[in-house]
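Need coordinates for the below:
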Amino acid sequence: MVNYDMGVEGLARLRAEGAAHTVLDIREPQEVAICAIADSLCIPMQQIPQHLESLERDHPLVVLCHHGMRSDMVAEFLRNNGFENAWNLDGGIDAWARLIEPEMARY
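Numbers count the residues shown, from 1 in each chain. Modelled structure (predicted):
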């Protein structure tokens, strides 16, 4: 079984290198208002099926939520719908805030 988790260090590396990627934040608007990764595409989890045609297929699509549970389900849903580039951000925004941007607000 292939592991489709990306660690926060991997995402930070993609961003630092300027590599093409999309961060898809599937949290609810009230969660995103607390903290978010800059330049993320924010689409709540329940709205993902209506937005499939607008999502990127040509480079990594890194899906995140609070801790990585919801985003894992959405990444799997996306892969089952033809998105071979869908990755789950392991640990979610919480891991990002703890390990990459310690000044970021947490909840």
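
Residues contacting the helix or strand hosting Arg13, please?
Per DSSP states H and E, Arg13 falls inside helix 8-17. With contacts defined as C-beta atoms under 8 Å, 6 or more residues apart in numbering, helix 8-17 is touched by His21, Val23, Pro60, Val62, Leu89, Asp90, Gly91, Ala95, Trp96, Leu99, Ile100. Just so you know, the C-beta spots here come from the backbone N, C-alpha and C atoms, and that holds for glycine as well.

Select from the residues you listed the one having the most neighbours.
The most crowded member of the contacts of helix 8-17, judged by other C-beta atoms under 10 Å, is Leu89 (27 neighbours).

The residue nearest to that one when sequence neighbours are not counted bridge partners, please.
Counting by C-beta to C-beta, 6 or more residues apart in numbering, Leu89 lies nearest to Leu64, which is 3.9 Å off, once chain neighbours are set aside. Residues in a beta bridge with Leu64, per DSSP bridges, are Asp25.

Next up, the contacts around the residue nearest the centre of the chain.
With distances taken as C-alpha atoms, centre = their mean, Val63 lies nearest the centre of the chain, 2.3 Å away. Residues in contact with Val63 (C-beta under 8 Å, 6+ apart) are Leu24, Ile26, Ser71, Asp72, Val74, Ala75, Leu78, Ala86, Trp87, Asn88, Leu89.

Tell me if I'm right that the last one and Leu61 touch.
Pointing back at Leu89 there. No. Contact criterion C-beta atoms under 8 Å: Leu89 and Leu61 do not qualify, at 10.6 Å.

which ones are touching Asp5?
Applying C-beta under 8 Å, 6+ apart, we find Asp5 in contact with Gly68, Asp72, Trp87, Asn88, Leu89, Asp90.

do the same with Arg98
Arg98 neighbours (C-beta under 8 Å, 6+ apart): Gly91, Arg106.

And it, what's its pLDDT?
Per-residue pLDDT puts Arg98 at 98.

Also Val2?
77.
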